[in-house]
Structure formats: C-alpha cells, structure tokens
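> Compute the structure for the input listed below.
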Amino acid sequence: MIGLAALGALIVLFGWASATGSQPIVSLADGLNAAGRVTGLLGTYLVLWQLLLMARVPALERAVGMESLLRLHRLNAYAALSLIVAHAVFQTAGYAVANHLGPMTQLSSFISGFEGMLMAVVALGLMLLVTILSMAAAKRRIAYQTWYFIHLYAYLAVALATVHELAIGTDFLGRPWYTAYWVALYAVTATLLLWFRVGAPFRLLGRHRLRVARVEREANGISSLYLQGRNLAQFHLQPGQFMLWRFLDRERWWEAHPFSVSSLPNPRFIRLTVRASGDFSRRLSKVVPGTPVMLEGPFGRFTAGSSEAEKVLLIAGGIGITPIRPLAEHLAREGREVRVLYRCQRERELAFRAEFDQLSAELPLTVDYLVGEQVPGDSRRGHWSDAAALSRRVPDVQEREVYLCGPQGLMDKLLRSLTTLSLAPAQVHVEAFRF
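Numbering: from 1, shown residues only. Prediction:
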C-alpha cells in the first residue's frame, strides 16, 4: 500500500515538474507560486488517500488491520491539511507580491475573479472543521453521530476542491495525460467508496435479510440484540470481529455505529451486545423486533487467526467483553488452554456470566471475575493490572498470547505491565474502542 501511494505521488510530482517545475524562478513571486502549486497537488493527492483509507476496502483492512488504517487516516489527515493550508498561503502570498497587494485584498480578488476559487475557500474551511473536530480532545466532547455527520462534509470539500483544481490548475494546461491521470484518481476513489460504503451493505442486506428477532437484558445497562435472517451459515465472520450496524427504523436509519459481534458464527442468529453509554446505545434496547438491519463488514484482526500459542490470556474491561466472549469459546473449542480476566466495577454489570460458567464446565476455559474497587488477592499498594499483581494471578503469563479489549486507560496500563513482564509485541493483540 505504501509503495502504491509513493508511486502515485511520484507521478504527481513528475507532472508538476514538467510544467511549473520546469519554468525558471526569477522572482520571489515565482518561487511562492511554484511552492503553492506543488503543495496543492500533493495535498489533494493525500486527501484522495484519506478517503480511500476509510473506504472499507477489504484488501486494505486484511493487509494492515482497521486499527492501523485508523492510525494512518489520522496521520494522513494532518499531512494533507498542512499541505493544503501551505498551498493557500503560498499562492495568496505569491500573487500578492506580484500584484503589489495586501494578502486580504489578494484573497478578495481571487474569490471575485477566479473560477472555482470561492469553492476552494469553502472546501478549505470544511477540511479545517473536520480535522479539528477529529482531534482526540474534541472527540471526547461530541457524540459519535455528530462526529460521523461532520465527516460527511469531507466529501463535499473534495468535490469543491476538484472543481477548483481542474478549472484553474496551471499544471494541467496542454497536458491531457496529466488531466486524465487525475480524473482516473478521482474515478477510482469514487468507485471504491460507492462500492464498499454503499453497494456492499445493500448486497448484504439483500442476501441475508437481517432483522431484529428479540432483545434480551444481559446485565445492568447491558442488552443483547439477536438478529435472524437468511443463509447465515454463509455469513463470513470470525470470532472477535466487529461490524457497522444500521437499524432501519424511523429513529436510527441514518446512523451507523461500530459494535463487536458477541456470539460465535452460527446459522441461527448474530448477536450484538451493547452498554447504554450514549444516546444511540441507550435507545437500542427499545428497538422493535422485526426491524431490518443493514451491516458493513466484518472488520478487525482481533481473531484466533492472530494466535498460535497453546495458552491464551484474554483480558476484558467492562463492555470490552463483547469480542472476548466468542473468541474465548472459539479458542477453547480448538483445544487451547484459555484464561479470561473480566474486570467490572459492580457485580450487576457482569455480562454472559451464566454462559461463561457453562463453558468453563465443558471446556479448558477459566474465568476470573475482577469486581469492585479492591480486587481480592491483589496488593493494597498496587492495582490488579500492575505487572507484579498480574504475574501473581497468571504465573505463566509470559507463555501466553494475550488479547486485550476495554477502555483505553486500562489498555494502556496493561500494555505497560505486559512490556515490563517481557512479553513480545507479537504476543499481544489489542482491540480499541475508537472512532
């Protein structure tokens, strides 16, 4: 993927070098404008990759994993925006110097006198808005659905920027091959987005006709929704994966949310388990049986395929138990020796306890319920997730592959403890709840 991205960027640079880059720079204005054009081209190219990274292309997700794609998506966003802002600054400064105007006067002249320039200014404003609200500090203050809908403006920004680029881009004049190359980039990106973000979910809906069969209470504030449909034996799902769920009723059809599947793949049902922590998840327990459900996915490499060890340790914090539940059963049925540490603040918040107790009686599966502020058996001066306490509770932890899922703060503590215990990075698999 990185090689393909680099090759595309080289073609972008070659097109610029054969046009603007081949012209002599004899003044400050020439230098500023040359820098503005190359940063604009590269920034737009990275914006297209930004869309592609979140197009949910299965080949990309299988190659690097959804978590890595999200990380690349965040890093690429900052790089793309920096280049686009640099483009705006360089071009405005370059024309201002050439025309002996102030920056604001030149910007006003751009908007009134250049085709597509107003669209470009709006596009830049939208990109700034999306990026700022995507920063970790901002995301903690907005709901998922708000964040999701703000991200839809990124598509509008790209459309507006495209008009600006192709309408007045100097590097395209007299170079039909370069125009064709950029049109192909836009066409491929748009095709992949439409197929995997729109076409694939409708295809799944038509093939399986999934509907909510029933809703059951699992624990305090935690409910499971059981989905039934056609040909579920052909549903391609691995234990531990997650999907994007869209409930097609009057209140929720416009929202798609990521949740792990909490049941083993089977021909009878697909189970989703959620904690009432936000507006959307709180309302899910009220979904009416018979409601159609549209799915995207499955996604994630938090699966048994990531593990080769005979002994496995699964650690869940709170609702992080949802992917752990099917993964634990699957690994145990494979004959692995499975240990589960399930952390909750209160006894009434434990989900799947009856299921785990039954599985523990049948399979090589042991579950420790770590409940309350002070977990029994741990040092009063330490925390149950500290390296020493973890080693006492699971003496052979260094021989195991470890799966972690839960709140980010707890996962960070556990990762530090496992590093202290000298577990190799390849032994540890993490599923993070992020958007």
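> Which stretches in the stretch 151-300 of the chain count as helices?
With helices called from DSSP state H, counting those that start in this stretch, the stretch 151-300 of the chain shows them at 176-194, 200-208, 279-284.
> show me the contacts for the closest residue to Met294 other than its chain neighbours.
Counting by C-beta to C-beta, 6 or more residues apart in numbering, the nearest residue to Met294 once its immediate chain neighbours are dropped is Arg246, at 4.2 Å. C-beta: built from backbone N, CA, C; applies to glycine. Under the criterion of C-beta atoms under 8 Å, 6 or more residues apart in numbering, the contact list for Arg246 reads Pro201, Arg252, Trp253, Glu255, Ala256, His257, Val293, Met294, Leu295, Glu296.
> what's the answer for Ala96, then?
With contacts taken as C-beta under 8 Å, 6+ apart, Ala96 has the following neighbours: Gly102, Pro103, Thr105, Gln106.
> I'd like those written out as a markdown table, with secondary structure and pLDDT added.
Putting the contacts of Ala96 into a markdown table (DSSP: H, G, I helix; E, B strand; the rest coil; pLDDT from 0 to 100) gives the following:
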| residue | secondary structure | pLDDT |
| --- | --- | --- |
| Gly102 | coil | 86 |
| Pro103 | helix | 81 |
| Thr105 | helix | 84 |
| Gln106 | helix | 78 |
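> low-scoring stretches of the stretch 51-200 of the chain, by residue?
Within the stretch 51-200 of the chain, the segments meeting pLDDT under 70 span 113-118, 134-150, 153, 159-174.
> do that again at 80, thanks
Residues of the stretch 51-200 of the chain that meet the criterion pLDDT under 80 lie in 59, 61-68, 70, 106-107, 109-175.
> ok so, going back, ok, and the most crowded of the contacts of Ala96?
Compared across these, Gln106 has the highest neighbour count, 20 neighbours, by other C-beta atoms under 10 Å.
> Now that residue. Nearest residue, chain neighbours left out?
For Gln106, the nearest residue in space outside its immediate sequence neighbours is Ala96; the separation is 4.0 Å by C-beta to C-beta, 6+ apart.
> ok so, going back, could the helices of the stretch 151-300 of the chain be laid out in JSON lines, adding distance to Ala123 and mean neighbour count?
JSON lines is the format used below for the helices of the stretch 151-300 of the chain (distance: least, C-beta to C-beta, whole Å; neighbours: other C-beta atoms under 10 Å):
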{"stretch": "helix 176-194", "distance to Ala123": "14", "mean neighbour count": "14"}
{"stretch": "helix 200-208", "distance to Ala123": "27", "mean neighbour count": "15"}
{"stretch": "helix 279-284", "distance to Ala123": "30", "mean neighbour count": "17"}
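> In JSON lines, list these along with distance to Arg393.
JSON lines is the format used below for those (distance: least, C-beta to C-beta, whole Å):
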{"stretch": "helix 176-194", "distance to Arg393": "46"}
{"stretch": "helix 200-208", "distance to Arg393": "41"}
{"stretch": "helix 279-284", "distance to Arg393": "31"}
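> Which of the ones you listed sits closest to Tyr78?
Comparison of the helices of the stretch 151-300 of the chain against Tyr78 by C-beta to C-beta identifies helix 176-194 as nearest, at 19.7 Å.
> Using PDB, list the CA coordinates for the closest one.
Once side chains and other backbone atoms are set aside, the C-alpha atoms of helix 176-194 remain, and they are given as PDB (Å, rounded to 0.1, in the frame of the first residue of the first chain):
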ATOM      1  CA  PRO A 176      -4.000  15.900 -21.400                       C
ATOM      2  CA  TRP A 177      -2.200  12.900 -19.900                       C
ATOM      3  CA  TYR A 178      -1.900  14.700 -16.500                       C
ATOM      4  CA  THR A 179      -5.600  15.600 -16.600                       C
ATOM      5  CA  ALA A 180      -6.500  12.000 -17.400                       C
ATOM      6  CA  TYR A 181      -4.300  10.800 -14.600                       C
ATOM      7  CA  TRP A 182      -6.200  13.000 -12.000                       C
ATOM      8  CA  VAL A 183      -9.600  12.100 -13.500                       C
ATOM      9  CA  ALA A 184      -8.600   8.400 -13.100                       C
ATOM     10  CA  LEU A 185      -7.600   9.000  -9.400                       C
ATOM     11  CA  TYR A 186     -10.900  10.600  -8.700                       C
ATOM     12  CA  ALA A 187     -12.800   7.900 -10.600                       C
ATOM     13  CA  VAL A 188     -11.100   5.000  -8.800                       C
ATOM     14  CA  THR A 189     -11.600   6.600  -5.400                       C
ATOM     15  CA  ALA A 190     -15.200   7.400  -6.100                       C
ATOM     16  CA  THR A 191     -15.900   3.800  -7.400                       C
ATOM     17  CA  LEU A 192     -14.300   2.100  -4.300                       C
ATOM     18  CA  LEU A 193     -16.200   4.400  -2.000                       C
ATOM     19  CA  LEU A 194     -19.500   3.800  -3.700                       C
END
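> Relative to the whole chain's centre, how far out is that helix?
For helix 176-194, the distance from its own C-alpha centre to the chain's C-alpha centre is 24 Å (C-alpha atoms, centre = their mean, to the nearest Å).
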